[in-house]
Every structure is written in C-alpha cells, then in structure tokens.
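Novice: this is a predicted model, with the sequence first.
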Amino acid sequence: MSDQATKRNVKLEYPIDSAAEIATDRAHVRVALEQGRGAVGVRAKVKDPGLFRDALLTAIGIRTSDLRFKARDRSQYLAYLIKKGKTATKEIWEAHKAFLDQSYAEDKHKETTLDPVWTVHPDELSLEVFSKDESAYARLSISNDLFEGRQASHGTTFADLTPKLAEGLERLRTYHPLSLEADAKSAPADGTPAREARDVELSQQWLRGFLQVQSASTLPAAVAEFSGIDLYNLLFLLRTRKAKKPPRALRFELVPGLAPRMIVEPWEAVLESHAGPYTGKTPRVVRTFGRQRLMGLARLLPHIKKARVHLLGAGLPTFWVLDCGKVTLTLALTGWVDSGWASAATFDALVPGEEAVELSKKILGVLANKGPLSLEALCAETSATPAQARAATQWACLHGELLFDVAHNVYRPRSLFAAPVEDALVRYGSEREAKAHRIIAEKNGVKITKVHEISGEGVEIHGDVDDKAASRKVSPKFTIDLEGRVIGASCGCPHYRRAGMREGPCEHMIALRLSYARRKTEEEALRQSPEGRKLIRAETRTLVRRDALGKETVYRVTLDDKVVRVAWGARQGLDDSGSRQQRLWFDTDKEARDAYFARLDALSAEGFIDAADA
C-alpha cells in the first residue's frame with residue numbers, strides 16, 4: 001500500500017479568524033468557515049446563550065482531548081545532574097534537548113487531523129468532532145428553536161474552532177444578548193491581511209476511525225435510558241475514585257421490565273436508572289470501556305434532561321445521546337486510543353460488499369430530494385430489505401457521503417469532501433492489515449489451534465498461519481485481557497523477531513485475531529438455531545441476577561460432551577465465594593446438550609442475564 005494511497009491532502013482556506021466579542025451589553029460569536037465548499041453559513045440571535053456556550057465548549061473539549069501516553073521531558077533533571085557533577089554529561093543533555101525541540105517542532109507544524117465538520121441542515125445546525133487520540137467522536141446538533149431570525153445557507157464545510165474562540169466563550173455570561181455569525185464568504189475587515197491557506201496531510205488512520213465510528217452507528221443497538229442525576233452520580237464516582245488495577249469497565253445490566261443498571265468496576269458500585277424500565281425484549285450484559293472520557297460532559301450536566309445509551313456489543317462503540325432540550329449531543333466512545341489493531345477485528349464486519357454500492361447511490365438520491373429519513377422509510381422508497389439498506393448506508397457512511405443521526409434515528413445527507421473518500425483509505429488500515437485479509441482469503445490460511453480461557457485474566461489464543469505469498473508457516477499467539485487489550489503476543493515471523501510489538505502487530509497476528517472474531521460471531525449465530533445447537537459439544541455460559549439490595553447470584557453452566565456441570569452462589573466483591581457444585585452425567589451427548597440448554601432457558605426465565613460475553 002503506497003504512501004500516497006494512505007494519506008489525503010486537504011487544503012483549508014478561512015477568510016477570517018474565529019472569535020467571541022464580549023461587550024458590556026452584548027456578545028457576538030463569529031465562526032470562520034472554510035470557503036472552498038461554496039456559500040455555507042448561518043446568522044441568528046441565540047435565545048439561550050448559556051446552553052449554546054456550554055454545548056460548544058463541550059464539543060471543543062472533546063476534540064482537543066488526548067489520553068495517549070506522553071513521554072516526560074527530563075531535560076531539567078539532566079541539567080540538575082550535570083550541576084551536581086553526576087554521571088549525565090553535557091553532551092547527553094544537549095542531545096536530549098535538541099531531540100525534544102525537534103519533536104515539538106514537528107508536532108507543531110505537522111497536522112494530521114481535520115477541523116470540525118460544520119453542517120447547516122434545514123431543521124438544525126450540526127458540528128462533528130473527532131478527538132486527537134481517536135477515542136471519542138461527538139456530534140452536536142442545535143435545533144432551529146434555539147435561534148431567532150435565523151438566516152441560513154445549507155451545506156457542509158469545516159469550522160475553525162480556535163483556542164482564541166474557546167477563551168472568548170469562557171467569558172460569555174448568560175445575561176449577554178448573543179448573536180451568531182458563521183459564513184464561508186465573510187470578508188476580512190479593512191486593513192486586516194488575508195489568512196494564509198493551510199495544508200493538512202490527513203492520516204489514513206484518523207480518517208478511517210472517524211468514518212468507521214459513523215458506520216457503526218447504523219448497527220442495531222440495545223437502548224437504555226438514564227436521567228441527568230444518574231450521569232451526575234457516575235461522573236462523581238469516577239472523579240472521587242481511581243481504579244489502580246483492572247477490570248476498569250463500565251458494565252450495563254439490562255433486564256426487560258426493570259430499571260437499567262450501571263456497574264462501575266472494580267468496586268462493583270451499582271447505579272440504577274431513574275428514567276424508567278428497560279424496554280428491550282431480551283436481557284443483556286454489556287461491558288464498555290473508555291468511561292474516563294465521560295468526564296468531558298461535566299459542563300453539560302445542568303442542561304441534561306435525559307440521557308440514552310446505545311449499546312452495540314462487545315468491542316464496538318458506545319453512543320451516549322444527551323438531550324438538552326434545544327441542543328442534543330451524541331458522544332461515541334470507541335474504548336481505545338489510536339484505533340490500533342483492536343479495531344481491525346472489531347470493524348471487520350462493517351465493510352459491506354460491492355453489491356451495496358449501487359443501492360447506496362439510489363439512497364443518496366432519495367435523501368437529497370426528501371431530506372432525513374429512517375431506515376424503514378428508505379426501505380419503502382427503494383424497495384430494499386432492511387439488511388440491504390443497512391449495508392448500503394454503511395457503505396455511504398464509510399465513504400463520507402452519509403450521516404446517521406443517532407439522536408433522531410434518521411439518515412441525513414452529508415458530504416465530508418467534495419468527492420467520496422477513496423476505497424484505499426477505508427478498506428484496510430495498513431499494508432499489514434491488507435496482507436492479513438489476503439491470508440484469511442486463502443484456503444487453510446489460518447487455523448485456530450487453541451482457545452484457553454484464563455480465569456481472572458482473559459482468553460489466550462493460539463493458531464497456525466500459512467503465509468503462502470511469503471512461503472512461510474508461523475504460529476502466532478496472544479492473550480486478550482479482561483479490558484479487551486492484547487498482552488503476551490508473539491510470532492515467529494521476521495517482523496516480530498526484528499521489532500516485537502514496537503511497530504504494531506504483524507499480519508499473522510492480525511489474521512489470527514480476525515479469524516477468532518469471525519468464528520465467535522458464527523458460533524453465536526449458530527447457537528440461536530436448533531441446527532446450530534446440535535454442533536455444540538463443549539461451552540461455558542455465565543448467568544447473573546441482581547436483587548433489590550444489589551447482591552448478585554451467579555450461575556456458571558458448562559457442557560462438556562456427556563457431562564453438564566453447574567456452579568452457583570453469591571458473588572462477593574470480584575470473586576465467587578461459597579459456590580455450590582453439581583455434576584450430571586448422561587448416556588448420550590444429545591441428552592446432555594438438551595439438559596444444558598434447558599437449564600439455560602430456565603435460568604433466563606427466572607431473570608438471569610447471560611454474561612458470558614460481557
């Protein structure tokens with residue numbers, strides 16, 4: 001994969017500077033818009049300045065957030081050692097200082113991320129941001145009801161939300177009458193020099209992560225509602241406690257007819273929803289990661305009327321929809337930073353086939369003529385099945401042509417660029433990932449030899465990979481811990497022997513992980529049918545139920561050929577203690593299998609939740 005194919009050069013031209021002008025009797029917010037996308041803009045008076053300020057500052061904060069590890073600057077310490085006559089030499093200090101100066105200079109001048117996406121719709125104004133560490137995506141939608149005397153020119157462009165604008169917004173008070181001006185064709189004031197155009201070398205990884213999160217939003221999800229006080233309680237707990245060891249997930253327990261619960265690990269603190277019962281049809285337990293990024297929502301807490309959480313499943317993004325009345329913020333948390341090889345397996349199923357291309361063009365035409373539509377309405381307009389329509393919308397989202405509005409459950413036309421994003425930028429994340437897909441496509445390319453579940457640690461996966469293009473057979477292995485991270489990885493290929501994991505996983509590890517993820521998906525689909533259940537000879541499922549006092553009862557049911565083992569008891573802390581054991585032998589594997597699934601169905605009927613994948 002060539003360097004040109006993995007990058008996209010974007011030229012940004014802003015006619016003016018963004019600023020917030022605060023006077024004693026009024027306030028004016030001016031947002032600079034990129035002028036290469038035509039006449040896009042909006043002018044209006046803002047009815048609720050406090051809500052507008054807090055919402056915009058929250059979006060800016062999410063965009064600038066970066067939780068990646070940063071090496072410490074040790075130059076002052078080295079200077080201190082030199083002064084004391086210690087082992088550090090002046091040459092070491094000078095070399096270290098020069099390296100830091102060069103690194104900071106490169107970081108300052110090299111831009112690899114896009115500015116926020118500003119879209120003026122007929123019914124709302126939206127702003128999309130993606131964090132620097134690729135862990136959080138946010139879409140801020142501002143209803144026309146928040147504006148008075150709105151004048152708008154519809155379209156999509158980029159907005160220059162500078163630190164200077166954020167500083168001005170911090171000084172804005174609710175008693176200031178506020179006006180908004182955002183126009184791509186604004187002219188600089190007399191005597192003000194024109195701004196120079198900026199060239200952004202957009203990295204493939206950042207762009208692919210941005211588009212993948214939007215594509216994931218189109219998937220079916222379990223939806224739980226929480227009130228503003230529930231979110232406050234969660235943020236208060238996260239601020240006053242610090243987990244020093246895993247697990248550090250935020251676990252959701254959803255039982256039909258009962259209030260949804262958030263369980264904060266590792267303290268097992270239970271936060272029950274005050275917004276009503278869960279309306280789904282089946283009980284679920286979903287573990288999510290990236291909870292610390294929710295602290296960026298603290299500014300919006302006084303405005304939140306209710307919050308909805310859209311849970312797609314293990315490893316996929318979690319969407320938080322915050323209803324603030326005339327403003328809605330949708331926050332997607334991916335659970336990792338730098339969208340590394342964990343996302344390769346997670347988003348593997350999100351790349352639709354070529355058959356979705358023609359239908360996506362038809363859907364874009366319908367949306368251009370009729371505006372935002374739901375999936376059901378798109379199916380009716382295009383005579384497509386829900387599966388076909390979803391695949392087509394995923395293709396359009398991955399290429400930047402479409403946006404799914406999670407808050408309102410509708411699809412909106414939104415072109416990220418003047419032309420669709422190239423396939424080379426969204427199909428594979430790297431050259432090694434492309435090689436991994438080639439290996440999987442070959443016959444007997446990947447064979448999973450061992451899957452070992454380690455209690456309290458995670459899952460250890462071994463495999464054999466036949467790389468026919470390189471005429472090499474290797475045996476990679478790795479462990480996925482309780483937080484979804486990969487530890488203890490190894491492979492016998494030259495790439496791993498030379499660099500280990502410093503340059504990321506080799507194609508053989510990626511191929512093994514993709515194969516494992518696909519096998520898990522196939523097995524889960526098979527066990528839902530009678531034919532698929534006949535193929536199961538050994539598995540273990542864990543089911544939990546929580547009483548009104550928050551105490552958990554845990555059942556672990558195991559099928560092993562002709563034997564069914566059951567262990568159950570109360571969970572205290574993080575360990576199962578005082579559990580009771582039962583072992584049942586049967587004459588045939590069919591009888592054991594029937595008894596195993598009968599026990600699972602009976603426990604589900606009693607309100608137990610299958611938490612095997614949580």
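Specialist: Now that the structure is in, tell me what you want to look at.
Novice: look up phi and psi at H303.
Specialist: phi -100, psi -10 (degrees, to the nearest 10).
Novice: who's in contact with it?
Specialist: Neighbouring residues of H303 by C-beta atoms under 8 Å, 6 or more residues apart in numbering: 50-51, 54-55, 324-325, 327. Every C-beta, even on glycine, is put in place using the N, C-alpha and C of the backbone.
Novice: give me the buried subset of the residues you listed.
Specialist: For the contacts of H303, a burial check counting by 16 or more other C-beta atoms under 10 Å picks out 50-51, 54-55, 324, 327.
Novice: let me know the closest of those residues to E134.
Specialist: The shortest gap between E134 and any of the buried ones among the contacts of H303 belongs to A55, at 22.5 Å (C-beta to C-beta).
Novice: how close does the residue nearest to the closest one when sequence neighbours are not counted get to H495?
Specialist: Distances taken as C-beta to C-beta, 6 or more residues apart in numbering put V327 closest to A55, at 4.7 Å, once the chain neighbours are dropped. Distance, V327 to H495, by C-beta to C-beta, to the nearest Å: 48 Å.
Novice: ok so, going back, of the contacts of H303, which belong to helices?
Specialist: 50-51, 54-55 (DSSP state H).
Novice: reformat the residues you listed as a markdown table; add distance to E442 and pLDDT.
Specialist: As requested, these are arranged in a markdown table below (distance: C-beta to C-beta, whole Å; pLDDT from 0 to 100):
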| residue | distance to E442 | pLDDT |
| --- | --- | --- |
| G50 | 60 | 94 |
| L51 | 56 | 95 |
| D54 | 54 | 95 |
| A55 | 50 | 95 |
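Novice: what's the domain layout of this protein?
Specialist: What automatic domain parsing lists as the domains of the chain is 75-109, 213-349, 356-426, 431-526, 530-610.
Novice: which parts of the stretch 351-500 of the chain are strands?
Specialist: Under the criterion DSSP state E, counting those that start in this stretch, the stretch 351-500 of the chain carries strands at the ranges 402-405, 410-413, 446-454, 458-467, 472-474, 477-481, 486-490.
Novice: ok so A44 is a strand residue?
Specialist: Yes. Residue state for A44 (DSSP: H, G, I helix; E, B strand; the rest coil) corresponds to a strand.
Novice: give the contact list for it.
Specialist: Neighbour list for A44: 147-152, 179-180 [criterion: C-beta under 8 Å, 6+ apart].
Novice: only the buried subset of the residues you listed, as a ChimeraX command please.
Specialist: Applying 16+ other C-beta under 10 Å to the contacts of A44 leaves a buried subset, and the ChimeraX line that selects it is:
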select :147,152,179,180
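Novice: could the contacts of A44 be laid out in TSV, adding secondary structure?
Specialist: TSV is the format used below for these (three-state DSSP):
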residue	secondary structure
F147	strand
E148	strand
G149	strand
R150	strand
Q151	strand
A152	strand
S179	strand
L180	strand
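Novice: identify the farthest-apart pair in the contacts of A44.
Specialist: Largest separation among these by C-beta to C-beta: A152 and S179, giving 14.1 Å.
Novice: and K551, how far from G569?
Specialist: Using C-beta to C-beta, one obtains 11 Å as the distance from K551 to G569.
Novice: so those two - more neighbours on which side?
Specialist: Neighbours per residue, other C-beta atoms under 10 Å: of K551 and G569, the larger number sits with G569, 16 against 12.
Novice: wait, is that one part of a strand?
Specialist: Yes. Per three-state DSSP, G569 lies within a strand segment.
Novice: quick check: closest non-adjacent residue to it.
Specialist: S579 (3.4 Å).
Novice: that neighbour against A567, yeah?
Specialist: Yes. In this structure S579 lies within contact range of A567 using C-beta atoms under 8 Å: 4.9 Å.
Novice: okay, and the common contacts of the two?
Specialist: If you check S579 and A567 against C-beta under 8 Å, 6+ apart, no residue is contacted by both.
Novice: can you mark which positions in stretch 151-158 are buried?
Specialist: By neighbour count on 16+ other C-beta under 10 Å, the buried set for stretch 151-158 is 152, 155-158.
Novice: just the CA trace of it, in CSV.
Specialist: Presented in CSV, the C-alpha positions along stretch 151-158 are these (Å, rounded to 0.1, in the frame of the first residue of the first chain):
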residue,chain,number,x,y,z
GLN,A,151,-30.8,33.1,8.0
ALA,A,152,-29.1,30.1,6.6
SER,A,153,-27.4,28.7,3.5
HIS,A,154,-27.4,24.9,3.7
GLY,A,155,-24.4,22.7,3.1
THR,A,156,-21.3,21.2,4.7
THR,A,157,-17.8,22.7,5.3
PHE,A,158,-15.2,22.9,8.0
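Novice: which outside residues touch it?
Specialist: 12, 33-44, 114-122, 125, 183-184, 414-416.
Novice: against L33, how distant is the residue nearest to A55?
Specialist: On the measure of C-beta to C-beta, V327 and L33 end up 20 Å apart.
Novice: re the thing from before, can I get the buried ones among the contacts of H303 in CSV including distance to L364?
Specialist: CSV is the format used below for those (distance: C-beta to C-beta, whole Å):
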residue, distance to L364
G50, 38
L51, 33
D54, 34
A55, 29
C324, 30
V327, 28
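Novice: so which of these is the closest to L254?
Specialist: Proximity of the buried ones among the contacts of H303 to L254 (C-beta to C-beta) peaks at C324, which lies at 24.3 Å.
Novice: which residue packs closest to the closest one, ignoring adjacent ones?
Specialist: Residue nearest to C324 in three dimensions, not counting chain neighbours: H303, with 4.1 Å by C-beta to C-beta, 6+ apart.
Novice: need the contact list for N444.
Specialist: Contacts of N444 (C-beta under 8 Å, 6+ apart): D466.
Novice: that should have said H28, apologies.
Specialist: Per C-beta under 8 Å, 6+ apart, neighbours of H28: 20-21, 178-179, 181.
Novice: touching, V410 and L367? I think so.
Specialist: No. Judged on C-beta under 8 Å, V410 makes no contact with L367 at a distance of 9.3 Å.
Novice: between these two, who's got more neighbours?
Specialist: Higher neighbour count among V410 and L367: L367, with 24 against 17, using other C-beta under 10 Å.
Novice: quick check, pLDDT for the more buried one.
Specialist: As predicted, L367 sits at a pLDDT of 91.
Novice: pick out the residue nearest the middle of the protein.
Specialist: For the chain, T334 is the residue whose C-alpha lies nearest the centre (C-alpha atoms, centre = their mean; 2.2 Å).
Novice: what separates that one from S217, distance-wise?
Specialist: 12 Å.
Novice: report the separation between T521 and G607.
Specialist: 27 Å.
Novice: higher neighbour count, those two?
Specialist: G607 (17 against 13).
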